[in-house]
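Peer 1: A predicted structure for the sequence below; I have some questions about it.
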Amino acid sequence: MSAARRFVNAAVNNADMHCHSTVSDGLLSPAEVVRRAHGNGVDLLALTDHDEVGGLVEARRTADELGMAFVDGVEVSVSWGDDTTVHIVALNIDTDNPGLVGGLAQVRSGRDSRAMEMAAELAKVGIHGAYEGALRYAGNPALISRAHFARHIAEQGLVRDVKSVFDHWLAKGKPGYVEHSWATLEQALGWIRGAGGVAVLAHPGRFRLSGKELRSLLGEFKEQGGAAIEVLSGAHSTQQVNEFTRLAREFQFAASRASDFHGPGESWIDLGRLPPLPDRLTPVWQLFL
Ligand code: AMP
Ligand code: MN
Ligand code: MN
Ligand code: MN
């Protein structure tokens, strides 16, 4: 696909810079995601599937048909510190950049064996056949994620919903969680920089870090070229929005508005439904408008 783009029309009222399609662990196809965003009034959308850019051609074509501004994105899985997984959203990337393409392929390559390990651990607590079940949801073993396990296990009727499956079996410290090495922060930021993209720390309120660890992550991220953090995320409480507003100002990060929509009924918030960014923050899209 094309190189990173610049936009001429800078009037953005409803940006959503983070969401997923069936190309990773979302429930809607890339075209359906774009049509839903447009229907919800979004005027600048980024599709950011986990570790994969395969949905962007279809998404962009659909956005072009609708006359909606669209940004190529991806959410990169990163291992930071001793054992913390963090996510970095890359926006306005050149999706043909060989360093980025190769790096993402490397990150995806561990997913299948990790899924088999997860299934072995789940079998020990009486949940059998989880790999096969999750794969039915994922379609592609290179994209299999905990979200696919969660859908399969929820379907068995053991608990009431996908979130409860995480609480019982898949969250860190639960029986089906296995440690995994994703990209390093340095690698991810190198790939994103090389592809001309803007690096955004995704949903910082979701990482279970102490205040000290969080500041150390923000410092390293900044030092290595990270440009923005998700101040508004579907996963953030009002208190967390206030906290990350302060931190964005202090560290001089631009701010993103990011639903992290995965599908109807399975997400904190729908596409384009977050409140406006707080005052005195630089919207991340100003970095590439
Ligand atoms: P993975 O990349 O395989 O570790 O899967 C991470 C994905 O699982 C996230 O992107 C979310 O889609 C989903 N997820 C993680 N934690 C939760 C949770 N507590 N509730 C619902 N979905 C979650
Ligand atoms: Mn996800
Ligand atoms: Mn994420
Ligand atoms: Mn996400």
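Peer 2: It's in. Residues are numbered from 1 along each chain as shown. Ligands and ions are numbered 1, 2, ... in the order given.
Peer 1: strands along the stretch 151-289 of the chain, start to end?
Peer 2: Here the stretch 151-289 of the chain has its strands, by DSSP state E, counting those that start in this stretch, at 198-201, 228-233, 254-258.
Peer 1: which neighbouring elements make contact with the longest strand seen in the chain?
Peer 2: Of all the segments of type strand in the chain, defined by DSSP state E, the longest one is strand 69-80. With contacts defined as 3 or more Cβ pairs under 8 Å, 6 or more residues apart in numbering; DSSP states H and E, the packing partners of strand 69-80 are strand 44-47, helix 56-66, strand 84-91, helix 98-109, helix 185-194. From N, CA and C alone the C-beta is placed, and that goes for glycine too.
Peer 1: of all those, which one is nearest ligand 3?
Peer 2: Between ligand 3 and the helices and strands packed on strand 69-80, the shortest gap by Cβ to the ion is with strand 84-91, which sits at 3.7 Å.
Peer 1: which elements pack onto the closest one?
Peer 2: In terms of contacts (3+ Cβ pairs under 8 Å, 6+ apart), strand 84-91 is packed against strand 69-80, helix 185-194, strand 198-201, helix 211-223.
Peer 1: any idea how far Ala123 is from whichever residue of the stretch 151-289 of the chain sits closest to ligand 1?
Peer 2: Checking the stretch 151-289 of the chain residue by residue against ligand 1 with Cβ to the nearest ligand atom singles out Phe166 as nearest, at 3.7 Å. Phe166 sits 18 Å away from Ala123, taking Cβ to Cβ, to the nearest Å as the criterion.
Peer 1: sorry, back to before: between the helices and strands packed on strand 69-80, which gets nearest to Pro264?
Peer 2: Taking Cβ to Cβ as the criterion, Pro264 comes closest to strand 44-47 out of those, the separation being 16.4 Å.
Peer 1: so which elements touch the closest one?
Peer 2: For strand 44-47, the packing partners by 3+ Cβ pairs under 8 Å, 6+ apart come out as strand 15-16, helix 30-39, helix 56-66, strand 69-80.
Peer 1: so Thr282 is in contact with Ala255, correct?
Peer 2: Yes: counting by Cβ atoms under 8 Å, Thr282 does reach Ala255; the two are 6.6 Å apart.
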